[in-house]
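Undergrad: coords please:
(one chain, ligands or ions: 1)
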Amino acid sequence: MLYNVLQYLEKTEKRLSDKTAFTDGETGLTFRELGESARAIGSVLAEEISVRKPVIVLMEKTADCIAAFLGAVYAGCFYVPLDSKMPVDRMQLIIDTLQPAALIYDEKNEKTLDKLQLNCGQFRYDQLVKGKVQADRLEKIRNQAVDTDLLYVLFTSGSTGVPKGVSICHRSMLDFTESSCEPLYLDENTRFGNQVPFYFDMSTMEIYTTLKMGSSTYIIPRKCFLFPKLMIEYLEKYEINTAFWVPYAFLQLSNAQVLDAERLRALKYIYFCGEVMPCKHMNRYRRVLQDAVYCNLYGPTEITNVCSYYMVDREYRDDESLPIGIPFPNTRIFIVKDDNTEAKPGEVGEILIGGSCLSLGYYNNKEVSARSFVQNPLHDNFRDMVYRTGDLGTFNEKGELLFFGRKDYQIKHQGYRIELGEIETAVSSIEEIKNTCCLHDEDGDYIICCYIGDITNRDILLRLKEKVPSYMLPDKFMQKEVFPQTLTGKIDRKELRKEYEAHKNQEKTK
Ligand code: AMP
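TA: Sure, this is the predicted structure:
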């Protein structure tokens, strides 16, 4: 019976011991090396700390980092990735929430420790990994494990400014991995080109598919995302066939016009997730990489990874929106209206999700957990927990889920109910626009269109008039060179908002 993710590793380790599991192309670990390292780490940790405790991993994004994660799991604990690029205050808030039992760090992050207040054992990776494997101890720990034990906690930004630790147990990760590999064509031949940080939920698809299927994950160096030509070189050199990235990362290549069918012959699976993928950019990929499979995936961290997928099976105009598709097996997605009754197909409401994929809640935060993880509002006959996503959606006549933006991006403007996402879709379909994000200023009831691209505001308006009703036309524009990004690579709307406010105040004082 499958009840612990380490079973994936142990099975694959026997089958494909010398195959590369995780690498940046130059340094990496085979499945055997990964298993041995993780067991050594687990053995030392188990001597020092008790089971079911949080272990922070503060390391560079390398194969060793994965060994540290799995080492914590061998010790019967759960891991929490931190990144030294996170602001120190945020790291401290996370530490305070967790009260970790141990922290694993590497040489490069050693200095960061001086800035943190820690009350736990601190272990340097290169020493930990030299530990002696204690098979008996590890076996004992495993024999006591259950699949509802936590596997990891990932921190997402909370609206109050306090990060929320999404707690995921083994069962949820096993459920996701078992249900996603087949529909997404993930197998032993999969070669992921990893983009997202390990503290972002999307990376868990790469990690656990690799362990289960014996795939390989190539951790793409950061500089490739800054220099599109380097990225093409990397993808070509390592014959990456699967890119599961946020749209922003795909846009870097399509905007730089470096897509090249000859050089990207291996790239067969183009999977996007995390925010809306503008069709204009997907179409640029489709024109060049004609044989690739394109898939729009959707899901919040709270349901483990993604819960729905849409395999692009028809042509889309640049100004259309892609569906977010159908649920993965063993996942329930339904739409609830404001009065807590189920929406009929075509009716828009909040997207609710249920199933084994559901997180066990926010770590050490019962109050916020109780607001988001709730009893299914459609009945009260037995305990049936669901996650309220705060996203708006509807099912179309084909049974595909359509995404209408966040509940909080729905605005009332001149009395009309408007989804800012709809305006963004129209703006991003304009040829010269490289990226866009719309805001609403409640003070004066203005719609602000922030954009990157070589085009005048007047021309944007003229083209938009052909696409959206007049009440949806932006009142103000803000042209930008770059957009602020969140740590996970999405557009940072809160930061953009601050920039707009600062700009507005400057105008006032002129
Ligand atoms: P995160 O928890 O960081 O993965 O963010 C999840 C949120 O990102 C969802 O609740 C959506 O608002 C948004 N999101 C994720 N995938 C998509 C997608 N394919 N299209 C549009 N929005 C998405």
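
Undergrad: Sticking with the closest residue in space to residue 133 that isn't next to it in sequence, tell me its helix or strand.
TA: Excluding its sequence neighbours, the residue lying closest to residue 133 (C-beta to C-beta, 6 or more residues apart in numbering) is residue 39, at 4.7 Å. The C-beta positions use only the backbone N, C-alpha and C, and glycine is treated the same way. Per DSSP states H and E, residue 39 falls inside helix 31-48.

Undergrad: Which strands and helices lie in contact with that helix?
TA: Packing contacts for helix 31-48, counted by 3 or more C-beta pairs under 8 Å, 6 or more residues apart in numbering; DSSP states H and E, involve helix 6-15, strand 20-23, helix 63-74, strand 102-105, strand 121-124, helix 125-128, helix 135-143.

Undergrad: State the three-state secondary structure for the residue in the stretch 401-510 of the chain positioned nearest to the ligand.
TA: Here the residue of the stretch 401-510 of the chain nearest the ligand is residue 403; by C-beta to the nearest ligand atom that distance is 4.8 Å. Following DSSP: H, G, I helix; E, B strand; the rest coil, residue 403 is assigned to strand.

Undergrad: Report the beta-bridge partners for it.
TA: Partner residues in beta bridges with residue 403: residue 393, with DSSP bridges as the criterion.

Undergrad: ok, now how distant is it from residue 396?
TA: Taking C-beta to C-beta, to the nearest Å as the measure, residue 403 falls 11 Å from residue 396.

Undergrad: Give me the more crowded residue out of these two.
TA: Counted by other C-beta atoms under 10 Å, residue 403 and residue 396 do not tie: residue 403 has more neighbours, with 23 against 11.

Undergrad: The ligand contacts on this protein?
TA: 156, 201, 273-276, 296-298, 300-301, 324, 389, 391, 403, 406, 488 (C-beta under 6 Å from any ligand atom).

Undergrad: pLDDT value on the closest residue to the ligand within the stretch 51-200 of the chain, please?
TA: At 5.5 Å from the ligand, residue 156 is the closest residue in the stretch 51-200 of the chain, using C-beta to the nearest ligand atom. As predicted, residue 156 sits at a pLDDT of 85.

Undergrad: Could I get the phi/psi values of it?
TA: Backbone geometry at residue 156, expressed as degrees, to the nearest 10, gives phi -110, psi 160.

Undergrad: now it, which residues is it bridged with?
TA: Assigned bridge partners for residue 156, using DSSP bridges, are residue 164.

Undergrad: looking at it, it is touching residue 359, isn't it?
TA: No. In this structure residue 156 lies outside contact range of residue 359 using C-beta atoms under 8 Å: 10.5 Å.

Undergrad: Worst mean pLDDT across the helices and strands of this protein, which element?
TA: strand 416-419 (a mean of 80; mean pLDDT, DSSP states H and E).

Undergrad: Show me what the following helix or strand past that one is in contact with.
TA: Next helix or strand after strand 416-419 toward the C-terminus (DSSP H and E): helix 420-428. When contacts are defined by C-beta atoms under 8 Å, 6 or more residues apart in numbering, helix 420-428 is touched by residues 276, 278-281, 319-321, 403-405, 409-411, 433, 435-440, 447, 449, 451, 460, 464, 467-468, 472, 474.

Undergrad: quick one on the thing from earlier: which residues sit in contact with the residue of the stretch 51-200 of the chain closest to the ligand?
TA: 163, 164, 166, 301.

Undergrad: same check, this time on residue 441
TA: Residue 441 makes contact with 447, 448, 476, 500, 504 under the criterion C-beta under 8 Å, 6+ apart.

Undergrad: Can you tell me how far residue 343 is from the ligand?
TA: Residue 343 sits 17 Å away from the ligand, going by C-beta to the nearest ligand atom, to the nearest Å.

Undergrad: buried ones in the helix holding residue 39?
TA: With burial defined by 16 or more other C-beta atoms under 10 Å, the residues of helix 31-48 counted as buried are 31-46.

Undergrad: Max pairwise distance over these: which two?
TA: Farthest-apart pair in the buried residues of helix 31-48 is 31 and 46; separation 21.9 Å (C-beta to C-beta).

Undergrad: Single out the most deeply packed of the helices and strands packed on helix 31-48.
TA: Of all the helices and strands packed on helix 31-48, helix 63-74 has the most neighbours on average by mean count of other C-beta atoms under 10 Å, namely a mean of 26.

Undergrad: Show me what that one is packed against.
TA: helix 6-15, strand 20-23, strand 28-30, helix 31-48, strand 54-58, strand 78-82, strand 102-105, helix 125-128.

Undergrad: Now find how far off-centre the fourth one is within its chain.
TA: The gap between where helix 31-48 is centred and where its chain is centred comes out at 27 Å by C-alpha atoms, centre = their mean, to the nearest Å.

Undergrad: For stretch 98-115, measure first residue to last.
TA: 17 Å (C-alpha to C-alpha, to the nearest Å).

Undergrad: ok, back up a step: of all the helices and strands packed on helix 63-74, which one is nearest residue 330?
TA: For residue 330, the closest of the helices and strands packed on helix 63-74 is helix 6-15, at 17.5 Å, according to C-beta to C-beta.

Undergrad: before we move on, the earlier item: for residue 403 and residue 396, list the residues in contact with both.
TA: Common neighbours of residue 403 and residue 396 (criterion: C-beta under 8 Å, 6+ apart): residue 323.

Undergrad: Now do the contacts for the residue nearest in space to the middle of the chain.
TA: Centroid-nearest residue in the chain: residue 202, 3.6 Å away (criterion: C-alpha atoms, centre = their mean). Under the criterion of C-beta under 8 Å, 6+ apart, the contact partners of residue 202 comprise 196, 244, 246, 273, 274, 305, 306, 488.

Undergrad: Would you double-check that residue 280 falls in a helix?
TA: Yes. Counting by three-state DSSP, residue 280 is part of a helix.

Undergrad: Quick check: the residue nearest to residue 455 when sequence neighbours are not counted vs residue 496, distance?
TA: Among residues not flanking residue 455 along the chain, residue 432 sits closest, at 3.9 Å (C-beta to C-beta, 6+ apart). Residue 432 is 20 Å from residue 496, where distance means C-beta to C-beta.

Undergrad: Which one's more surrounded, those two?
TA: A side-by-side neighbour count of residue 432 and residue 496, using other C-beta under 10 Å, places residue 496 first with 20 against 13.

Undergrad: so where's the stretch 151-300 of the chain uncertain?
TA: Within the stretch 151-300 of the chain, the stretches with pLDDT under 70 are 158-161.

Undergrad: Please, where are all the strands along it?
TA: Remark: strands assigned in the stretch 151-300 of the chain by DSSP state E, counting those that start in this stretch are 164-169, 191-194, 216-219, 242-245, 269-273, 293-298.

Undergrad: in the stretch 301-450 of the chain, which spans are helices?
TA: In the stretch 301-450 of the chain, the segments counted as helices under DSSP state H, counting those that start in this stretch are 366-372, 420-428.

Undergrad: Let me have those in a markdown table, extended by distance to residue 508 and mean neighbour count.
TA: Output for the helices of the stretch 301-450 of the chain, formatted as a markdown table (distance: least, C-beta to C-beta, whole Å; neighbours: other C-beta atoms under 10 Å):
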| stretch | distance to residue 508 | mean neighbour count |
| --- | --- | --- |
| helix 366-372 | 36 | 13 |
| helix 420-428 | 24 | 23 |
